[in-house]
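J.: Got a predicted structure plus its sequence, pasted below:
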Amino acid sequence: MAPKAKDKPKPSPPVQSQPSISLEDLFSSLHRHIQNFEYDQAVKVADQVLAIAPGDEDALRCKIVALIKSDGIDRALSTIQASQNIPIDLRFYKAYCLYRQNKLHEALETLKSEERSASVLQLESQILYRLGKMEACMESYEKLQMSKTDSFSLELKTNFIAALITAGRASEVQRMMDSFKVKATSSFEVAYNTACSLIEKRKYADAEQLLLSARRIGQEMLMEEDYADDEIETELAPIVVQLAYVRQLLGNSQEAIEAYTDILNRNLADASSLAVATNNLIALKGTKDVSDGLRKLDRLIEKGGGAQPFLLAHGLDFKLSSRQKEAIYSNRLLLLLHANRMDQARELVSALPDMFPDSVMPVLLQAAVLVRENKAGKAEEILGQFAERFPDKAKPILLARAQVAAAAGHPQVAADSLARIEDIQHMPATVATLVSLKERAGDVGGASAVLDGATQWWTNAMSEDNKLSIIMHEAASFKLKHGREEEAARLYEELVKSHGSVEALVGLVMTAAHVDVDKAEVYAKRLRKLPRLKEVNVESLERTSGAKNVESSHAVLVETAPEEGKEKTKARKKRKRKPKYPKGFDPANPGPPPDPERWLPKRERSSYRPKRKDKRAAQVRGSQGAVVREKQDANASNPTKTSQAASSSKVAVGSSEQPKPSSKSRKKSRS
């Protein structure tokens, strides 16, 4: 086929000049798009403005803000970096973009040189909140509050309340809300945060009711804003998870398990709520299904590299608080110990101190790993060293050390650990534990000194719930047990004088009877006599059924002959009981007596006769020698039977007792 000829080029139409759009019209269009939330169109118009007037500050700012509003964070950051040569301060927008990308340290560094305006303080406080630096975060919020800015919106107030709770200052929430003139039901976010403050104050029932209100308010508000059903569920997922957690704290474990399971089955888009639900569900189930718990946690934890060997998936490192992340890692380590995966447990526990440097949980988990490896002494050592380095965090460490030492059979180490916790030193439970540990260690004097110190402390204590009587009573019992009757009697006497306790009076009488009989008699008179005790006849009581006359029974056993001049006591006759007969038996017509040998086996009875073998089948029939040949053939074909027959013949020959001939053989011999 021949090639086609080229067409002649058509003449081009004359170029028409495009009508030029003024910057004023472009800015008007840009303003209109921003007012209508048409951010993509706003970006296009801003580009048109920048094409006409490169470096225009207003157009550049509008473009960056529009990109941020439309979640184009990467494009916004690229635009900022491309505009470095333009003399315009875009560091605040750069810090915000870095914050949205979870590059928190870079964002905080970018804000350092900025002026402390309200917007800068607000962004700084949010970055510090994400980093878990709550003290610095509260300082920024307090500076923001002191600036008396008009931009203290409801959202900012909500963040302020959340920061207070996370910083451990939940008791200040109500006062702060009063100063803000904000009610708990102002929005579902405020209601949620207020419920969290109630949880911190252990008002679980009130928190449950407020969370229910928050869920209702959120559903109504989001439906009015035309949110889709799945979007509403995602927005309210934190409230649902927190509600399940409150029910878990209230003891409704089954309801909490059902709620957590329902959240996980729906697989909501809120990754942080799913992570919290997964962790709490595993904590509720405990060690019932270790492998399933590890599988669920492995979806949340992934291997990192370099300075961070472990990371949380789905960006959870920046969505969860430090306490929540610590709980997830701790639960995974505990499950690894229950599953006996010691290598993975060692790997994880070695990374936790760097991940949570301000927490005591890593050293407690390290001690748990050492105890599981039967290295209790090493665990006691590291716990003791940590308590010495950080005395302000020593209380849970010393309690754990005492428990490890007591379980390992080191009572003195356990007692020394408890003795270093001053604020619980004189509580009854601590005193009882210390006394028991020192007794096990053989230090009776030390145990007595603990009781004396506790008695002295409670004597001087000015509290409504005074435990002096309990401590003194236990101290007196301890001293009496270890042979210190005088000290015990003194304590009982003080108790009687100060409290008038009947138990103390009884103890004083019993104790003073060993050291001071006169004092015992004096205090015995103060014991109240039982009413109507004189009306009781002791002799009649002894004759009642069930009473045992100890003296008379002793006389019967010891006395062998009556003394002269006294009547011989009559021997007590046994009461004859009627014999019990079998059912249907008539004693008047008993019939023949039963066989006395009825309990013996049949072969042992005198009437037993063994059955005789019928020898008629062994008679020889046919020609002579026929039977012999059959036996030989049978023996040749079955060697086992042959050997058995040979062994039996040997036993028969070797027997010293000759078998008696049968009656038939005797008859044949006579004939």
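T.: Nice, I can see it.
J.: what's the closest non-adjacent residue to residue 233?
T.: Distances taken as Cβ to Cβ, 6 or more residues apart in numbering put residue 268 closest to residue 233, at 5.9 Å, once the chain neighbours are dropped. Backbone N, C-alpha and C define where each C-beta goes, glycine included.
J.: and the one you found, that's in a helix?
T.: No - per DSSP: H, G, I helix; E, B strand; the rest coil, residue 268 lies outside any helix segment and is coil.
J.: Would you confirm that it contacts residue 235?
T.: No - counting by Cβ atoms under 8 Å, residue 268 does not reach residue 235; the two are 9.7 Å apart.
J.: and residue 262, how many neighbours?
T.: 12 (other Cβ atoms under 10 Å).
J.: what's the spacing between it and residue 157?
T.: Residue 262 sits 32 Å away from residue 157, going by Cβ to Cβ, to the nearest Å.
J.: before we move on, what about residue 417?
T.: For residue 417 relative to residue 157 (Cβ to Cβ), the value is 45 Å.
J.: So which of the two has more stuff around it?
T.: residue 417 (26 against 22).
J.: quick one: what helix or strand has that one in it?
T.: Taking DSSP states H and E as the definition, one finds residue 417 inside helix 411-419.
J.: Buried residues in that helix, which are they?
T.: Neighbour-count burial for helix 411-419 flags 411, 413, 414, 415, 416, 417, 418, 419 (criterion: 16 or more other Cβ atoms under 10 Å).
J.: now those residues as CSV including distance to residue 246 and pLDDT?
T.: As requested, the buried residues of helix 411-419 are exported to CSV (distance: Cβ to Cβ, whole Å; pLDDT from 0 to 100):
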residue, distance to residue 246, pLDDT
411, 41, 94
413, 40, 94
414, 36, 95
415, 39, 94
416, 40, 94
417, 35, 95
418, 34, 94
419, 38, 92
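J.: of the residues you listed, closest to residue 364?
T.: residue 417 (13.7 Å; Cβ to Cβ).
J.: That closest one: what's it in contact with?
T.: 384, 398, 399, 401, 402, 405 (Cβ atoms under 8 Å, 6 or more residues apart in numbering).
J.: That one and residue 474: what is the separation?
T.: 22 Å.
J.: from what I can see residue 319 touches residue 271, true?
T.: Yes - counting by Cβ under 8 Å, residue 271 is a contact partner of residue 319 at 6.5 Å.
J.: Where does residue 303 fall, secondary structure wise?
T.: strand 301-305.
J.: Next, count neighbours for the residue nearest to residue 233.
T.: Neighbours around residue 268, by other Cβ under 10 Å: 19.
J.: By mean pLDDT, point me to the weakest helix or strand of this structure.
T.: helix 639-654 (a mean of 36; mean pLDDT, DSSP states H and E).
J.: Tell me who's in contact with the closest residue to residue 339 other than its chain neighbours.
T.: Spatial nearest neighbour of residue 339, excluding adjacent residues (Cβ to Cβ, 6+ apart): residue 290 at 4.9 Å. Residues near residue 290 by Cβ under 8 Å, 6+ apart: 335, 338, 339.
J.: and stretch 23-40, which residues are buried?
T.: 26, 27, 29, 30, 33, 34, 39.
J.: Save the residues you listed as JSON lines, and put in secondary structure, pLDDT and distance to residue 195 too.
T.: Below are the buried residues of stretch 23-40 laid out as JSON lines (DSSP: H, G, I helix; E, B strand; the rest coil; pLDDT from 0 to 100; distance: Cβ to Cβ, whole Å):
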{"residue": "26", "secondary structure": "helix", "pLDDT": "89", "distance to residue 195": "49"}
{"residue": "27", "secondary structure": "helix", "pLDDT": "88", "distance to residue 195": "46"}
{"residue": "29", "secondary structure": "helix", "pLDDT": "92", "distance to residue 195": "46"}
{"residue": "30", "secondary structure": "helix", "pLDDT": "90", "distance to residue 195": "43"}
{"residue": "33", "secondary structure": "helix", "pLDDT": "91", "distance to residue 195": "40"}
{"residue": "34", "secondary structure": "helix", "pLDDT": "90", "distance to residue 195": "37"}
{"residue": "39", "secondary structure": "helix", "pLDDT": "92", "distance to residue 195": "35"}
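J.: out of the residues you listed, which one sits closest to residue 229?
T.: Of the buried residues of stretch 23-40, the one sitting nearest to residue 229 (Cβ to Cβ) turns out to be residue 39, at 25.5 Å.
J.: Verify the stated contact: that closest one with residue 75.
T.: No - assessed by Cβ under 8 Å, residue 39 is found out of contact with residue 75, at 11.4 Å.
J.: what touches both of these two?
T.: residue 67.
J.: What separation do you get for residue 291 and residue 537?
T.: Counting by Cβ to Cβ, the gap from residue 291 to residue 537 is 74 Å.
J.: what helix or strand is residue 178 on?
T.: Going by DSSP H and E, residue 178 is in helix 173-180.
J.: which residues sit against the very next helix or strand once past that helix?
T.: Next along the chain after helix 173-180, taking DSSP H and E as the criterion, comes helix 188-200. By Cβ under 8 Å, 6+ apart, the list of residues contacting helix 188-200 from outside reads 154-155, 157-158, 161-162, 164-165, 168, 170, 173-174, 177, 182-185, 204, 206-207, 210-211, 213-215, 217-218, 221, 236, 238-239, 242, 245-246, 249.
J.: could you check the angle helix 188-200 makes with whichever helix or strand comes after helix 188-200?
T.: Next helix or strand after helix 188-200 toward the C-terminus (DSSP H and E): helix 204-224. Going by axes from the mean of the first three to the mean of the last three Cα atoms, to 10 degrees, helix 204-224 is angled at 170 degrees with respect to helix 188-200.
J.: If anything else comes up later, I'll come back, but that's it for now.
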